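Asks: Quick one, what's the 3D model for this:
(one chain, ligands or ions: 1)
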Amino acid sequence: MSKTVILAYSGGLDTSVCVKWLADRGWRVVAFMANVGQGDPSSAAIRRAKAAGAAQVTVRDVRREFLTEYCWPALKADAVYEGQYLLATALSRPLIAKHLVDVAHRAGARAIAHGCTGKGNDQVRFEVTSRILDPSLEILAPVREWEFRSREQEIEYALKHRIPIDVSKRSPYSIDQNLWGTSIESGVLENPWTEPPADTFRSIRAPQRAAAKAATVVVGFTRGVPTHLNGRRLGEIALVERLNALGAAHAVGRSDVIESRVVGIKSREVYEAPAGTILLTAHQELERLVCDRELLKFKQEVAITYAHLIYAGLWFTPLKKALDAFVNATQQRATGEVRLKLYKGSCQVVGRRSRYGLYRERLATYSAQDDFDQRTARDFIKLYGLAYEGSG
Ligand code: ARG
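Replies: All right, here's what the predicted structure looks like:
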């Protein structure tokens, strides 16, 4: 087995320095770039990897796989971590790790590597996934080990070794972006009392700068998966891109949260997830229409665990698989449409319909068309409360 390592390469400063650092230690570095919708890996990034000493750069477009195999299951499960985070970064990690392992196998490589720090969740997700899929692969995490103590030192090292980094383009934040959302952290955001400055957000407009007129959109689902917009069938990438643009124009999908990391640290995170927010709002409403009360309640409990598994890097685990079986069973009736209105930051449901809907207008109505015999309620309530009579 050759001393080859497959590095999860983003094109940024950290992973570019990782290439050189690994090459200096005798590794043949294959830089792997996954296109998850962060913007196509640019030729500049590929050149940078080569200049830093990568023997090879491998790029894979995994956008479709990301949506259908990771985001849709999360949407079907209504997975939201700690009530706020739609898990865009967390969902991409097992996918990227799976591809790292696959590229390693094809290249006969001995190791995989990532550019995560020792403080975050991403190291956990990459490494746990890699170990699940192939425990014989070595895992290298240069950022946890190397001698650099600041970004300035890294930049100095990069310049010294002629790695073409564009220091002027550097954002004051750490940003991770894909089709499902953007995660923004560090810089001035590290003070949790400081309001995110206007330059924090990548795509979503501030409510006061949002479009003046509300937009209405109808999202159509087929067994829990979004398939239509305004009655037209769309491919998954087009559908998500369309909703990302629409939500961003109407200031929908921003959040600013304190979050509990796997390693025990609390962190302040700013998220943007326009399409995810619209789809989740619509999906939850469709379920309220087609699922009975007990199913809905249990499914909400499952959603918390499902989100936790995604967050904690436990995607390829037996519990996650078992929960998928449950969730998929619940989605057999999740076919229908939800109409939403987007306006200056709000995303409100204004209509819903499904051939599997449990809503019966003739039971709910207070008009003369009423089919419900109100007298039956009297004995029902008597039995319903029987166990508690006189116990107060
Ligand atoms: N806190 C989020 C998570 O753990 C986002 C991490 C973002 N990563 C980054 N490199 N900026 O999923």
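
Asks: Which of the helices or strands spans His99?
Replies: For His99, the element it lies in under DSSP states H and E is helix 88-107.

Asks: Using PDB, list the CA coordinates for that helix.
Replies: Extracted as PDB, the C-alpha positions of helix 88-107 are listed here (Å, rounded to 0.1, in the frame of the first residue of the first chain):
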ATOM      1  CA  ALA A  88     -26.500  21.700   6.400                       C
ATOM      2  CA  THR A  89     -22.800  21.300   7.400                       C
ATOM      3  CA  ALA A  90     -23.500  18.200   9.500                       C
ATOM      4  CA  LEU A  91     -25.300  16.400   6.600                       C
ATOM      5  CA  SER A  92     -22.500  17.000   4.200                       C
ATOM      6  CA  ARG A  93     -19.800  15.400   6.300                       C
ATOM      7  CA  PRO A  94     -20.800  11.700   6.100                       C
ATOM      8  CA  LEU A  95     -21.200  12.200   2.400                       C
ATOM      9  CA  ILE A  96     -17.700  13.700   2.000                       C
ATOM     10  CA  ALA A  97     -16.200  11.100   4.300                       C
ATOM     11  CA  LYS A  98     -17.800   8.300   2.300                       C
ATOM     12  CA  HIS A  99     -16.300   9.600  -0.900                       C
ATOM     13  CA  LEU A 100     -12.900  10.000   0.800                       C
ATOM     14  CA  VAL A 101     -13.000   6.400   1.700                       C
ATOM     15  CA  ASP A 102     -14.000   5.400  -1.800                       C
ATOM     16  CA  VAL A 103     -11.300   7.500  -3.400                       C
ATOM     17  CA  ALA A 104      -8.800   6.000  -1.000                       C
ATOM     18  CA  HIS A 105      -9.800   2.500  -2.000                       C
ATOM     19  CA  ARG A 106      -9.600   3.200  -5.700                       C
ATOM     20  CA  ALA A 107      -6.100   4.900  -5.200                       C
END
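
Asks: how distant is it from the center of its chain?
Replies: Its chain's C-alpha centre and that of helix 88-107 lie 15 Å apart, by C-alpha atoms, centre = their mean, to the nearest Å.

Asks: hmm, it touching the ligand?
Replies: Yes: contact between helix 88-107 and the ligand, assessed by C-beta under 6 Å from any ligand atom, occurs at 89-90. Every C-beta, even on glycine, is put in place using the N, C-alpha and C of the backbone.

Asks: for that helix, which positions count as buried?
Replies: Neighbour counts over helix 88-107 (16 or more other C-beta atoms under 10 Å) mark 88-101, 103-104, 107 as buried.

Asks: Spatially nearest residue to the residue nearest to the spatial centre of the chain, not counting backbone neighbours?
Replies: In the chain, the centroid-proximal residue (C-alpha atoms, centre = their mean) is Ala88; its distance is 1.7 Å. Excluding the flanking residues, the one nearest Ala88 by C-beta to C-beta, 6 or more residues apart in numbering is Gly181, at 3.1 Å.

Asks: pretty sure that neighbour is touching Glu269, no?
Replies: No: the pair Gly181 and Glu269 does not pass the contact test of C-beta atoms under 8 Å, sitting 11.0 Å apart.

Asks: So the two - more neighbours on which side?
Replies: Neighbours were counted for Gly181 and for Glu269 using other C-beta atoms under 10 Å; Gly181 has more, 28 against 18.

Asks: Please name the bridge partners of that one.
Replies: With DSSP bridges as the criterion, Gly181 is bridged to Asn178.

Asks: OK, contacts around Val240?
Replies: By C-beta atoms under 8 Å, 6 or more residues apart in numbering, the contact list for Val240 reads 37, 67, 71, 179-180, 275, 279.

Asks: residues in contact with the residue nearest to Ile237 when sequence neighbours are not counted?
Replies: Once flanking residues are discounted, Ile237 sits nearest to Arg63: 5.5 Å by C-beta to C-beta, 6+ apart. Taking C-beta under 8 Å, 6+ apart as the criterion, Arg63 is in contact with 35-37, 179, 237.
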